[in-house]
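Asker: Predicted model, plus sequence, below.
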Amino acid sequence: MLARIVAEAPEFFSYYNVVFLLEAMLATFALSAIGCVFGFAAGFFLAVSRRTTSHFLLPLRTLTAAFIEMFRRIPFLVTLMMVFFVFQGLGLDISMFSVALISVCLIATAFIAEIIRAGLESVHRTQWDTAAAMNMSLIQTLRYVIMPQAWKIILPPVFSFFILFIKDTALASQIGVVELTYAGKVLNNKGFSAALVFGAILILYFIISYPLARFGARLEQKLAAARNS
């Protein structure tokens, strides 16, 4: 096996193959990064909407809860297929990358919304009551009272979710999205050794994930120190 890997390495690491792998690596990172940024924004809105008490907004709270519970429990691959067939049924011609990105955004929104909700609820109830007694609006309460305390609880698990989700995007290869796992299958089908191909894919996943994991660990240490100070 080692002799085959050594023999194939010069051809495997040709210019076009390296560019192909780097483009697939960028697609993998883009799916996770865009999905999680969108998921954080949309998830924050959903989490805040669940904190409202107006009877007028009851339908919104119900829909929000249903959305979060549904997409937290549907496997990512099923979500991919569902989004694909919905757009196909509507007769809309969109790229497979767009299908995967929409699926990632749906899943990320549901999970991050729950993380943010837990972070908001970690702030003691008296903080909310004090802000209400001072006639603060919900937005003012969140901006000046709740979020300065809650973001220290919210950020570490959101960052961990982002790193974990990088690996989950490999399922996008099932619908033909050219990300790292799909690129590995293509190169393996060209006759290159599976050990060489997926060894390279493993290293590229590590290159994406490890720096982010180290940054997340440093961030968590700083936030933990801030919470204890």
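Answerer: All right, it came through fine. Numbering: from 1, shown residues only.

Asker: Residue 150: what secondary structure?
Answerer: Counting by DSSP: H, G, I helix; E, B strand; the rest coil, the backbone at residue 150 sits in helix.

Asker: And residue 136, by the same measure?
Answerer: coil.

Asker: Could I get the phi/psi values of it?
Answerer: phi -80, psi 140 (degrees, to the nearest 10).

Asker: neighbours around it, how many?
Answerer: Residue 136: 16 surrounding residues under other C-beta atoms under 10 Å. C-betas here are computed from N, CA, C, even on glycine.

Asker: now the spatially most central residue of the chain, what's its secondary structure?
Answerer: Centrality entry for the chain: nearest residue to the mean C-alpha point is residue 36, 4.0 Å, by C-alpha atoms, centre = their mean. Secondary structure for residue 36, judged by three-state DSSP, is helix.

Asker: Contacts only, for it.
Answerer: Taking C-beta atoms under 8 Å, 6 or more residues apart in numbering, we find residue 36 in contact with 108, 112, 158, 161-162, 165.

Asker: Go again with 10 Å.
Answerer: Residue 36 makes contact with 43, 104-105, 108-109, 111-112, 158-159, 161-163, 165-166, according to C-beta atoms under 10 Å, 6 or more residues apart in numbering.

Asker: and if you look at residue 107?
Answerer: Contacts for residue 107 were tallied using C-beta under 10 Å, 6+ apart; they are 35, 39, 71-72, 74-76, 79-80, 161, 165, 168.

Asker: Please identify the helix or strand for it.
Answerer: Element membership for residue 107, per DSSP states H and E: helix 96-122.

Asker: Can you name the element that comes right after that helix?
Answerer: Toward the C-terminus from helix 96-122 - assigned by DSSP H and E - lies helix 125-133.

Asker: If we go by neighbour counts, what in that following helix is buried?
Answerer: Residues 128, 131 are the ones in helix 125-133 that count as buried (16 or more other C-beta atoms under 10 Å).

Asker: what about the nearest residue to residue 21 once chain neighbours are set aside, how many neighbours?
Answerer: Spatial nearest neighbour of residue 21, chain neighbours left out: residue 183 (5.6 Å); criterion: C-beta to C-beta, 6 or more residues apart in numbering. Applying other C-beta under 10 Å, we find 24 residues neighbouring residue 183.

Asker: Give the closest residue to residue 71 in space, chain neighbours not counted.
Answerer: residue 110 (3.6 Å).

Asker: Contacts only, for the one you found.
Answerer: Going by C-beta under 10 Å, 6+ apart, the list of residues near residue 110 reads 39, 42-43, 46, 64, 67-74, 79.
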